[in-house]
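> fold the following for me, if possible:
(one chain, ligands or ions: 2)
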Amino acid sequence: MNTIGIGLLGAGTVGGTLIKRLTTDHAAIAAKTGLDLQVRRVAVRDPGKSRNLDIPEGMFTTDAQSVIDDPEVDLLVEVMGGQEPAGPLVLRALEAGKPVVTANKELIAARGYDLIAAAEKSGVALLFEAAVGGGIPIIRPLSETLAGERLTRVMGIVNGTTNFILSQMTEEGTAYEDALAEAQELGFAEPDPTADVGGADAAAKAAILASLGFGTWVGLDRVPHTGITEITATDIRYADDLGYTIKLLAIAEDTDNGVSARVHPVLLPHAHPLSAIRGATNAIFIEGPAIDTLLFAGPGAGGDPTATAVLGDVIDAAREILAGAQVAPRIRFAPSSLADFGSVPTKWYVRLEVADLPGVLAQIASAFGEANVSIKSVWQEETGEEATLLIVTHLAPESEQQNALAAVNELDCVHAVAAAIRVESEEA
Ligand code: NAP
Ligand code: HSE
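Residues are numbered from 1 along each chain as shown. Ligands and ions are numbered 1, 2, ... in the order given. This is a model prediction of the structure:
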């Protein structure tokens, strides 16, 4: 039997579940893989915490460095989260020649380029299948299976909390705050859910998807992001009437001006496969000339699905340790131009509260026209002295759409730009 010693940084939702799986499924994993995977040492903040894990108490330590230094630890699993102290610890492990498996999207998005270079220098693996999409296999397909495809777009629902909130608001009429509280109770949301609802969690995942999908490193600072905090029941209803579902999407594209990645709420046509993704489920929709479209969907968060992805990486890294060869990175990043967000073609749904007077529509149409933005459709509802206008534009560069919105906002007849949400996956 080939024994591999595992050190963990973290034994929370993901780490604790991984330890349970490594103990309860030990024989089944050994039978299937020929590997005897043994937990050797585990760093946590509070070793006295009750964890219901079947490993000796003496394995727990608050000294994370001692996990890396332990000669019986052949590979490190980082599931503590955050950039500090996880980043320096992962780097030290790689420099010490120990492969690392991590579920930490924030760390990979922020420092992945340097960590992958450190792994290459030491000839060991740095694997992060669980960092995007939880239990959905997406990192390996993008960096290995699809390495020969010239992908054009990788677009997905990559945050379970926000998809759960939007689904509850859409299907049950639940208020935003109540849906968020429910997501927290169910354990999808981060302890501080700001990163979920504000779009930062999805932006880290978008940066990783863009980097792997297009083979050029896309730093986190190149991913503009907006969350779902401004989405109202009113727009969910109007969007539905117009034939759209509102989703928070991570969108990575190879545009005429270079690679672009962004995260924001969008109106998606009801018929788009991502519109049907409900609750905390994640899904990634991939487009390329040869494969046409692929959809990867499944549980994007939670201890069990995420631990399955981590365990797959552990088995992969263990096999490489036993093979004894220098490990080359799964993917290399070539320099390539990144598109300025202002140049990316977008189209918009705009809800305006306007004076219900002659000439108002003409003024608004003219403001869009002067900014070079063509209007695709207009729908109007009278609301007493005012009218609500719903405008959907044609595709135009993001900067021109922003200019149009600013010009419309300046008009005296426009009492409020009540909502402005991009529309995705429609022609022109
Ligand atoms: P968690 O439940 O908060 O667990 C974190 C663990 O790390 C705890 O055991 C904690 O110790 C330990 N820890 C934190 N800071 C430490 C420090 N400075 N020194 C030593 N130990 C420390 O987090 P999680 O949900 O398992 O997430 C872990 C990672 O997986 C994160 O990067 C997260 O983004 C990623 N991820 C999570 C999910 C999910 O569904 N949860 C899905 C995909 C990816 P104590 O137990 O003593 O507090
Ligand atoms: N808070 C994250 C989510 C966990 O809701 O998707 C998985 O990364």
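
> kindly list the longest helix within the protein.
The helix that spans the most residues within the chain, counting by DSSP state H, is helix 303-323.

> other SSEs contacting it?
Packed against helix 303-323 by the contact rule (3 or more Cβ pairs under 8 Å, 6 or more residues apart in numbering; DSSP states H and E) you find strand 2-9, helix 13-24, helix 26-33, strand 35-43, strand 75-78, strand 100-102, strand 126-127. C-betas here are computed from N, CA, C, even on glycine.

> next one: the helix or strand just after that helix to chain centre, how far?
Next helix or strand after helix 303-323 toward the C-terminus (DSSP states H and E): strand 345-355. Its chain's C-alpha centre and that of strand 345-355 lie 27 Å apart, by Cα atoms, centre = their mean, to the nearest Å.

> could you give the mean pLDDT of strand 345-355?
Regarding strand 345-355, the rounded mean pLDDT is 97.

> what's the answer for stretch 152-164, then?
Confidence over stretch 152-164 (mean pLDDT, whole number) is 97.

> and if you look at stretch 72-83?
97.

> what does stretch 402-421 give?
98.

> how about stretch 95-108?
98.

> rewinding a little: which of the helices and strands packed on helix 303-323 sits closest to ligand 1?
Among the helices and strands packed on helix 303-323, helix 13-24 comes nearest to ligand 1, with 3.6 Å by Cβ to the nearest ligand atom.

> touching the closest one from outside, list them.
Contacts with helix 13-24, where a contact means Cβ atoms under 8 Å, 6 or more residues apart in numbering, come from 6, 8-9, 11, 29, 37-39, 42, 51, 53-55, 77, 79-80, 103, 130, 187, 302-304, 306-308, 310-311, 314.

> residues of the stretch 301-428 of the chain that sit close to ligand 2?
Ala301 (Cβ under 6 Å from any ligand atom).

> the closest residue to ligand 2 within the stretch 301-428 of the chain in helix, strand or coil?
Of the residues in the stretch 301-428 of the chain, the one nearest ligand 2 is Ala301, at a distance of 3.6 Å by Cβ to the nearest ligand atom. Look at Ala301: counting by DSSP: H, G, I helix; E, B strand; the rest coil, its state is coil.

> just put the helices and strands packed on helix 303-323 in CSV and tack on mean neighbour count and distance to ligand 2.
Output for the helices and strands packed on helix 303-323, formatted as CSV (neighbours: other Cβ atoms under 10 Å; distance: least, Cβ to the nearest ligand atom, whole Å):
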stretch, mean neighbour count, distance to ligand 2
strand 2-9, 22, 17
helix 13-24, 21, 9
helix 26-33, 13, 24
strand 35-43, 21, 21
strand 75-78, 28, 15
strand 100-102, 28, 13
strand 126-127, 26, 16
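
> avg pLDDT for the longest helix of the chain?
Helix 303-323 shows a mean pLDDT of 97.

> would that helix count as contacting ligand 1?
Yes: using Cβ under 6 Å from any ligand atom, helix 303-323 reaches ligand 1 at Thr306.

> so what touches that helix?
With Cβ under 8 Å, 6+ apart, helix 303-323 has contacts from 2, 4, 6, 13-14, 16-18, 20-22, 29, 33, 35, 37, 74-75, 77, 79, 99, 101, 103, 124-125, 127-130, 134-137, 298-299, 327.

> what subset of these is also close to ligand 1?
Among those, ligand 1 is touched by 13-14, 79, 103, 130, 134 when using Cβ under 6 Å from any ligand atom.

> near ligand 1, which residues of this protein?
Residues of the chain lying close to ligand 1 by Cβ under 6 Å from any ligand atom are 10-15, 43-46, 49, 64, 79-81, 85, 103-105, 130, 134, 301-302, 306.

> buried ones from those residues, can you make that a PyMOL selection?
In PyMOL syntax, the buried subset of those is picked out as below (16 or more other Cβ atoms under 10 Å):
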select buried, resi 10+11+12+13+14+15+43+44+64+79+80+81+103+104+105+130+134+301+302+306
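
> list the contacts of Leu75.
Contacts for Leu75 (Cβ under 8 Å, 6+ apart) come out as 4-7, 98-101, 314, 317-318, 321.

> and what of Ala96?
Applying Cβ under 8 Å, 6+ apart to Ala96 gives the contacts 68-69, 122.

> do Gly219 as well
Shown in contact with Gly219 (Cβ under 8 Å, 6+ apart): 113, 207.

> ditto for Gly160
Taking Cβ under 8 Å, 6+ apart as the test, what Gly160 contacts is 134, 183, 188, 279-282, 299-301.

> ok but Glu253 is inside a helix, no?
No: using three-state DSSP, the assignment for Glu253 is strand, not a helix.

> and the strands in the stretch 151-300 of the chain?
Using DSSP state E, counting those that start in this stretch, the strands of the stretch 151-300 of the chain run over 153-157, 244-255, 258-269, 281-288, 292-299.

> adding mean neighbour count, write these out as JSON lines.
Formatted as JSON lines, these follow (neighbours: other Cβ atoms under 10 Å):
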{"stretch": "strand 153-157", "mean neighbour count": "25"}
{"stretch": "strand 244-255", "mean neighbour count": "24"}
{"stretch": "strand 258-269", "mean neighbour count": "24"}
{"stretch": "strand 281-288", "mean neighbour count": "22"}
{"stretch": "strand 292-299", "mean neighbour count": "15"}
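
> closest one to Ala117 among these?
Across the strands of the stretch 151-300 of the chain, Ala117 has its closest neighbour in strand 258-269 (19.6 Å, Cβ to Cβ).

> hmm, the closest one in reach of ligand 2?
No: Strand 258-269 does not reach ligand 2 (Cβ under 6 Å from any ligand atom); its nearest approach is 12.4 Å.

> so that it lines up with my notes, have the first residue be 400 from now on.
Right, with 400 as the first residue, what we last looked at is strand 657-668.
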